[in-house]
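>>> Would you be able to build a 3D model of this:
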Amino acid sequence: MSHKITYRERGQGPLLILLHGYGGSVHHWEAIADRLSSQYRVVIPNLTHLYMSTDKLFFSVQIEVLAKFIRETFPGEKVSVAGLSYGGALSWGLATQHPDLVKKTVLINPMVTDPVRFFLPKELKFFFSIPLNLKSVYVMLATPMGKAFLKRAAQIFRDERSEGATAVEHLKGRKLLFVAHMIHHFSWILRSEDWRVWNQKLYTYRGECRLIFDKEDLLFNHEAYTKFAKHIGCEDLIPIEGAGHLAIKTCPDAIADLMSEFLKGSKAA
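Numbering: from 1, shown residues only. Down below sits the predicted model:
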């Protein structure tokens with residue numbers, strides 16, 4: 001299967017599943033997994049084949065594949081799930097569709113429903129709303145507008161302190177083609193999902209949830225996160241500062257502490 005899910009595991013205790021973002025990596029969770037593995041059986045699925053499946057899976061289908069993975073890999077278990085960005089969206093989708101599987105949910109700078117409408121950068125709104133084919137995306141990325149998009153995306157989705165400051169706007173050839181393919185695929189997922197249906201479903205979600213967001217996140221603003229939290233009935237809303245969108249990588253200790261206290265049932269200071 002092109003969307004087979006592999007995973008890393010460490011620690012013992014209650015099962016905690018960590019979901020990385022689209023275009024992200026299991027490595028983004030490493031520091032947090034190290035911290036929490038003394039208390040939990042931490043599982044980090046590699047979702048690359050799920051996100052980039054050659055048969056193009058709808059967001060709602062990805063949730064079903066993830067639910068199947070949990071049921072088959074950890075039969076009889078009820079799990080806690082934490083997700084960043086697109087992984088956060090899979091987390092709230094999983095908790096909504098399969099409440100029998102999910103005990104608690106931690107959302108970190110999660111993707112909200114109808115995301116393109118709420119994107120802050122105009123470059124992202126453009127690239128993810130227009131139905132371009134792969135070749136057109138590749139050509140567009142080589143233009144000044146495309147380079148501006150790549151530079152903006154890097155500011156949001158990369159941690160320059162730990163991943164290096166390679167100028168992604170100067171990518172060429174096969175590397176640029178790979179990025180074009182990733183953008184084209186993600187654009188299809190965002191445009192193909194019926195977010196109105198999810199908006200209705202989420203009104204009925206009342207699971208145990210903590211939503212952590214950066215006040216100055218460059219992808220979604222404070223209002224988008226607070227409205228989404230209200231939408232799903234999540235009163236445990238924790239604003240942080242200086243972490244950026246990739247908060248699990250830039251501030252792992254702070255995020256691990258916030259996750260741990262919520263999973264234990266205590267309140268944030």
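>>> what's the nearest residue to G93 if we skip its chain neighbours?
With sequence-adjacent residues excluded and distances taken as C-beta to C-beta, 6 or more residues apart in numbering, G93 is closest to I63, at 4.3 Å. For every residue, glycine as well, the C-beta is placed using N, CA and C.
>>> Just name whatever secondary elements the helix or strand hosting the one you found is in contact with.
Using DSSP states H and E, I63 sits within helix 59-73. In terms of contacts (3 or more C-beta pairs under 8 Å, 6 or more residues apart in numbering; DSSP states H and E), helix 59-73 is packed against helix 48-51, helix 86-97.
>>> downstream neighbour of the longest one in the secondary structure list?
This points to helix 86-97. Using DSSP H and E, the helix or strand that follows helix 86-97 towards the C-terminus is strand 102-108.
>>> Which helix or strand lies directly C-terminal to that next one?
helix 115-118.
>>> And the contacts of that next one?
Contacts to helix 115-118, defined as C-beta atoms under 8 Å, 6 or more residues apart in numbering, come from residues A89, V112, L124, K125, F128, S129, L190, R191, W195, F220, N221, A224.
>>> In a markdown table, list the residues you listed along with distance to H28 and pLDDT.
Putting the contacts of helix 115-118 into a markdown table (distance: C-beta to C-beta, whole Å; pLDDT from 0 to 100) gives the following:
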| residue | distance to H28 | pLDDT |
| --- | --- | --- |
| A89 | 16 | 97 |
| V112 | 20 | 96 |
| L124 | 20 | 87 |
| K125 | 25 | 87 |
| F128 | 21 | 87 |
| S129 | 27 | 85 |
| L190 | 21 | 94 |
| R191 | 26 | 92 |
| W195 | 25 | 95 |
| F220 | 18 | 96 |
| N221 | 23 | 94 |
| A224 | 22 | 96 |
